[in-house]
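**Student:** I'll drop the sequence and a predicted model, then ask my questions.
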Amino acid sequence: MTLEYIAPEGIHEARGYTHVVKTRGATTVYISGQVGVKPDGEFAEGLEEQSKQAYANLAACLKAVGAGPEHVAKLNTYVVEYSPEKREAVSAGRRAVFGNLFPASTLIGVQALAAPQLQIEVEAVAVLD
């Protein structure tokens, strides 16, 4: 599996993500949106804790298919009533799992998620050999 991170000429510098990720691999894995629900079924409290739990759940999904964060080509993050002030809380979970890896990413503010307690959802596409 190969992920090639590309910074196209003529556009702004990406910070915290990569503009283009080119993949070569035999298996593509699509991971459904993961939310801030703990293994016991309880909701994590607050946006930062939900972020950490959602990304931990994503990491568990990756592990289930023999993958890790380094296999993620695309990451989408959905945040209820997003504003720039929420960015640090949103980033806390991502940093815990991805560290300095920056897949192609999109952050989308939404009105609501599947349950009223949910504040964040993350989904990913990974590529394996």
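**Tutor:** Alright, I've got the coordinates.
**Student:** partner strands of the helix or strand harbouring Val122, parallel or antiparallel?
**Tutor:** Using DSSP states H and E, the element containing Val122 is strand 120-128. Strand 120-128 has the following strand partners under DSSP bridges: strand 27-35 (antiparallel), strand 72-80 (antiparallel).
**Student:** can you add mean neighbour count and give the ones you listed back as CSV?
**Tutor:** C-beta: built from backbone N, CA, C; applies to glycine. Formatted as CSV, the strands paired with strand 120-128 follow (neighbours: other C-beta atoms under 10 Å):
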stretch, mean neighbour count
strand 27-35, 16
strand 72-80, 21
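**Student:** which one of those strands lies closest to Gly46?
**Tutor:** Gly46 lies closest, by C-beta to C-beta, to one member of the strands paired with strand 120-128: strand 72-80, at 12.2 Å.
**Student:** what residues does whichever helix or strand comes after that closest one touch?
**Tutor:** Following strand 72-80 in sequence order, the next helix or strand is helix 87-98 (DSSP H and E). Contact with helix 87-98 is made by 16, 46-48, 50-56, 58-59, 69, 72, 75, 77, 79, 82, 107, 120, 122, as judged by C-beta atoms under 8 Å, 6 or more residues apart in numbering.
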